[in-house]
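Q: what's the 3D shape of this:
(one chain, ligands or ions: 1)
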Amino acid sequence: MGREACAFSCGVIMPELPEVETVRRGLLPLVGKRILSLELNRSNLRFPFPEDMDSISGLKIEGIDRRAKYILIRLEGDLTWLCHLGMTGRFGNEPEGKHDHVLVDFVDGTRLVYTDPRRFGIMDLFEGKFNHKLLNHLGPEPLSSDWDSDKLHSCLRGRNISIKSALLDQRIVVGIGNIYASEILFRAGISPKRKAKNISKPMCKRIHQQALIVLNTAIEAGGTTLRDGQFKNFDGNLGYFPHEFAVYDLENENCSSIDCKGLVKRIVQSGRSTFYCPKCQK
Ligand SMILES: [Zn+2]
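A: All right, here's what the predicted structure looks like:
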């Protein structure tokens, strides 16, 4: 099965933390720019745009942060413009066509265009830094000092769900989705089917260490290209360099571990594909 065919048959493909972080970094040149005007080409994405969306006109962008998979554009007057890319959202600096839903013109003559064919993206405005209903329930950032193996272990204690499902739970740790959960568990040598309650402290240490390596490596590579044209960085070019996975989307391929003669297996957990090596991962 080719990579592209599987990307479709696997169903939902979402940008994960490294991809959103890559987009955030691509947007950093906007800091210091003043918004001249805003144009909305429809009334909603996944949810309706806020009624006061136009109030960002005239404001200067003071910073661009990220919380989980939300991009937080900080504006003058302690206002935050929250953006979630959904499945197919992307920012560019030129109009592309019928899926351009938000166009922002800056005083300096440059533009920001939000394009989203499937319209699962989210945009909202709120006062303050993190005081938003979509941010309140979120767990720790995996790359921050707020998250470590002890914290992971205490979240998994007594839980009857699989460790794969636990890693996707945004209350346990944010930003890890279907792709990176498979990659982290492969590198940690832990079966995705193992119950969360049976993950020992040393296993948590391995998961934590490998999560840092996998996520940082993907951020360095500029994210992941799953399908041509799905993600674009702010330059308007494809912003996601090809990224080699160890197990994701590699069903029936040889396991890449030295001395392992196993094949990568695909199973479905909670309706999502998981890829792993049954010989290496226990
Ligand atoms: Zn193996």
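Q: Contacts made by stretch 50-65 with the rest, please.
A: 24, 27-28, 30-38, 40, 71-77, 79, 81, 104, 123-125, 129 (CB atoms under 8 Å, 6 or more residues apart in numbering). Using the backbone N, CA and C atoms, a C-beta is placed for each residue, glycine as well.
Q: hmm, which of those residues are the buried ones?
A: Neighbour counting with 16 or more other CB atoms under 10 Å marks 24, 27, 30, 35, 38, 71-75, 79, 81, 104, 123-125 as buried within the contacts of stretch 50-65.
Q: which ones among those residues are found in helices?
A: Members of those lying in helices (criterion: DSSP state H): 24, 27.
Q: From the buried ones among the contacts of stretch 50-65, pick the one nearest residue 209.
A: residue 24 (24.3 Å; CB to CB).
Q: Surely residue 187 is in a helix?
A: Yes: counting by DSSP: H, G, I helix; E, B strand; the rest coil, residue 187 falls inside a helix.
Q: Contact partners for it?
A: 210, 213-214, 246.
Q: Mind picking the two most distant members of these?
A: 213 and 246 (11.4 Å).
Q: So which of these two has more stuff around it?
A: Taking other CB atoms under 10 Å, residue 213 and residue 246 do not tie; residue 246 has more neighbours (20 against 13).
Q: mind listing what that one touches?
A: So residue 246 contacts 183, 186-187, 256 (CB under 8 Å, 6+ apart).
Q: Show me which of these are buried.
A: 183, 186-187.
Q: I'd like these written out as CSV, with pLDDT and distance to the ion added.
A: Below are the buried ones among the contacts of residue 246 laid out as CSV (pLDDT from 0 to 100; distance: CB to the ion, whole Å):
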residue, pLDDT, distance to the ion
183, 95, 14
186, 98, 8
187, 97, 11
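Q: All set, thanks.
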